[in-house]
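Undergrad: Next comes the sequence, and after it the predicted model I'd like to discuss.
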Amino acid sequence: MATATKSSGRLGSLILPLALAQFVCSYAGSAMNVATTDIAHDLSTTVAGVQLTITLFTLTMAALMIPGSKLTDMSGRKKIFLIGLSVYGVGSLIALLAPVLGVMIFGYSLLEGLGTALLIPPVYIMVTAAYTGLTRARNYGIVAGAGGIGSAMGPLVGGAITTAVSWRGSFLLQFAIVMLIIFLGRKIVEPKKEKGPKVSFDFGSAILSGLGLLLIILGLQTTASYGWIICAKDFSIGNVVLIPQGSVSPLIVIAGIGILLNIGFYFSVRHRERVGKEPLIHSKIFHNRLSNTGLVTQIVQWLVIQGLFFTVSVYLQTYRHFSAVEAGLTLTATTIGLIISASLAARLASRRSQRQLIRAGFILTVIGLALGLALTRYDSPVINLLPGLFIIGLGMGIMLTSSVNLVQSAFGDKDQADISGLSRSVSNLGSSIGVSLVGSIIISALLPLAQSYGLAIAVLLGVSIVGLFAAILIPKTPSKEITPEQEKISA
C-alpha cells in the first residue's frame, strides 16, 4: 500500500508541470494575435512584420520538433525538458525587453520556439511512458486540453494585459510560469533509460527537414505581395530580379523547393536505416494509416484555430477599431466553448471512440465557421460573431485531445520519441500555415478588409471540411503496430 501511494504521488506530481508547459507554449502563440497593432506601433514596424514574427515562432517549433524529440530519446526526458524550459525563459526575457522587431524575433520567434521544440516532446513521451489505457487517455486529455485552453485564453489574457499594462506584460507572465514549471519539474521522476550503443545525431536529415519546412512557410509569406500562381510584380533580392512579373509566383518556386527538401529528408532517413545508422526518425512512422490520418486532423485543427484567432483579432482591431482587451473578450466565446467540451473529454472518451469524437468536433467546427460567415457583414453587430465562435470552441475542445491520443497510441513505447516529435511538428506547422495563409489574405491590398475577412473565414471553412473528410477516413481497424489495448481507443 505504501509503495502504491508513493507511486501515485510521483505520477500526480508529473502531470501539473507537463500541463503547465503545454499551456504556456500554446498561450505564447495566440496571445500575440490581439497585441499585433500595439506591437507594430511600439516597435515602429507593420502588422505584416508582427505576423512574420508569429509565423516564425510556430515555424521554429515545427522545424525543430523532430530533432528535439530525438535529443529527448538520446539524452533523457527530464534533462531535455528542463533545458527547453531554460531556453524558453531566456527568450521571454529578451522579448520582454526588445527595443526593435529584430530583437523580438530573436527572443520570441527563435529562442522561445527552440525552447518549445525541446520541452514539448518530453511532455507527451513522459505521459505515454507513465500511464496506460484509460488513465493515459485521461492524462492526454489534461495535457492536450491545457494546450487548447492556453491557445483559447491567449487572446483574452493577452488582450487584458496589453490594454492594462503593455504587450510586454505577456512575456513577463510567460517567464513567471516557466520559473514555476522548472521548480515543479525538479520533482519529476523518470524511469532509468536502458543503456545501449551510443548513436550519432542525424544532422543531415535534421537540416533537410528544417530547411524544407522553412521554405514552405516562407513561400506562403510571399503570397500577400506577389500572388499565389502568377507573380504580381518583380520578385527581387537587392537589385537582382529573381522572378519577373508574369512568371510563376514565388510561392510555387520557394515552396516547391521546400517540398523537394522534405522528400530528400525522407530518403535520407531511409538511407541511414539501410546502412545500419540511427535515423532522425524511423521511416515506418510515415507508413501507418491510423497515425497519418490522425496527423492530418491535427494540422487542420491548429491551422484553423490559429488562423481564426489572427483573422478575427486583426479584423476587430483594424476595421472595427477594438482595443486588444475588447478583441480578446470577443474571442472568449471560443474559450468558453473549448473549456466546456475539454472538461467533458474524459467522459466522452469512455463512451465514444476517438475517431467518432474527432468527426463530431469537425462537424461542429464547420457549422461554427459557416454560421460566422452567414451572420457577419461589414455593418453587422459584433455580437453576431459570438455563436459561431462558441460552436467552434466546442468542436475544438472535443477533438484536440482525441487526435493526440489517437496518433500517440498508434505506436508502442519504443517509438514514442519519433511519433511525439512528428505529431508536435505537424501541429505547429498547422499553426504556422494558418497564420501565413489568412495573413496573406487579410494583409493583401486586393480586397477591402471587410471582404478579406469574409474570404479568410471561407478559406478556413474549406480547410475544416478537408479535416472532416480526413476524420471520416480514419480506419476503424488499426494497423499491425497497434496493441489490443490501443485498438479499443480507435475502434
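TA: Nice, thanks for sending it over.

Undergrad: any idea of the mean pLDDT in the strand or helix carrying residue 348?
TA: Residue 348 belongs to helix 345-351 when assigned by DSSP states H and E. For helix 345-351, mean pLDDT is 75.

Undergrad: Equivalent analysis for stretch 321-328, please.
TA: Stretch 321-328 comes out at a mean pLDDT of 82.

Undergrad: Return the set of buried residues in the helix ranked longest in the chain.
TA: Scanning the chain for the helix with the most residues, using DSSP state H, yields helix 133-164. Residues of helix 133-164 classed as buried by neighbour count (16 or more other CB atoms under 10 Å): 136-163. Using the backbone N, CA and C atoms, a C-beta is placed for each residue, glycine as well.

Undergrad: following that helix, which helix or strand shows up next?
TA: helix 168-185.

Undergrad: Per-residue pLDDT of the residue lying closest to residue 126 once chain neighbours are set aside, please?
TA: Leaving aside its chain neighbours, residue 126 sits nearest to residue 77 (5.4 Å; criterion: CB to CB, 6 or more residues apart in numbering). Looking at residue 77, its pLDDT is 85.

Undergrad: Need the contact partners of stretch 369-378.
TA: With contact meaning CB atoms under 8 Å, 6 or more residues apart in numbering, stretch 369-378 is reached by 304, 308, 319, 384-385, 387-389, 391-392, 450-451, 453-454, 457-458, 460-461, 464.

Undergrad: repeat for stretch 312-320
TA: So stretch 312-320 is contacted by 33-34, 36-37, 47, 155, 322-324, 326-327, 330-331, 378, 382, 385, 389, 442, 449-450, 453 (CB under 8 Å, 6+ apart).

Undergrad: Buried ones from those residues, can you make that a PyMOL selection?
TA: In PyMOL syntax, the buried subset of those is picked out as below (16+ other CB under 10 Å):
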select buried, resi 33+34+36+37+47+155+322+323+324+326+327+330+331+382+385+389+442+449+453
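
Undergrad: Just the buried ones from the contacts of stretch 369-378?
TA: 304, 308, 385, 387-389, 391-392, 453-454, 457, 460-461, 464.

Undergrad: Among the residues you listed, name the ones in helices.
TA: The helices, defined by DSSP H, take in 304, 308, 385, 387-389, 391-392, 453-454, 457, 460-461, 464 from the buried ones among the contacts of stretch 369-378.

Undergrad: wait, residue 101 sits on residue 53?
TA: Yes: Residue 101 is within contact range of residue 53, at 6.8 Å (criterion: CB atoms under 8 Å).

Undergrad: Counting neighbours, go ahead and name the busier of these two.
TA: Taking other CB atoms under 10 Å, residue 101 and residue 53 do not tie; residue 53 has more neighbours (24 against 21).

Undergrad: my guess is that one contacts residue 33, does it?
TA: No: counting by CB under 8 Å, residue 53 sits too far from residue 33 to count as a contact (11.2 Å).

Undergrad: residues contacting residue 337?
TA: So residue 337 contacts 389-397 (CB under 8 Å, 6+ apart).

Undergrad: now the strands for this structure?
TA: For the chain, the strands defined by DSSP state E cover 235-237, 240-243.

Undergrad: Need those in TSV (columns: distance to residue 353).
TA: Shown next, in TSV, are these (distance: least, CB to CB, whole Å):
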stretch	distance to residue 353
strand 235-237	48
strand 240-243	48
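
Undergrad: Tabulate those in a markdown table, adding columns for distance to residue 114, mean neighbour count and mean pLDDT.
TA: Conversion of the strands of the chain to a markdown table gives the following (distance: least, CB to CB, whole Å; neighbours: other CB atoms under 10 Å; pLDDT from 0 to 100):
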| stretch | distance to residue 114 | mean neighbour count | mean pLDDT |
| --- | --- | --- | --- |
| strand 235-237 | 27 | 13 | 85 |
| strand 240-243 | 30 | 14 | 87 |
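
Undergrad: how far away is the residue most central in space within the chain from residue 165?
TA: Centroid-nearest residue in the chain: residue 428, 3.2 Å away (criterion: CA atoms, centre = their mean). From residue 428 across to residue 165, the span is 28 Å (CB to CB, to the nearest Å).
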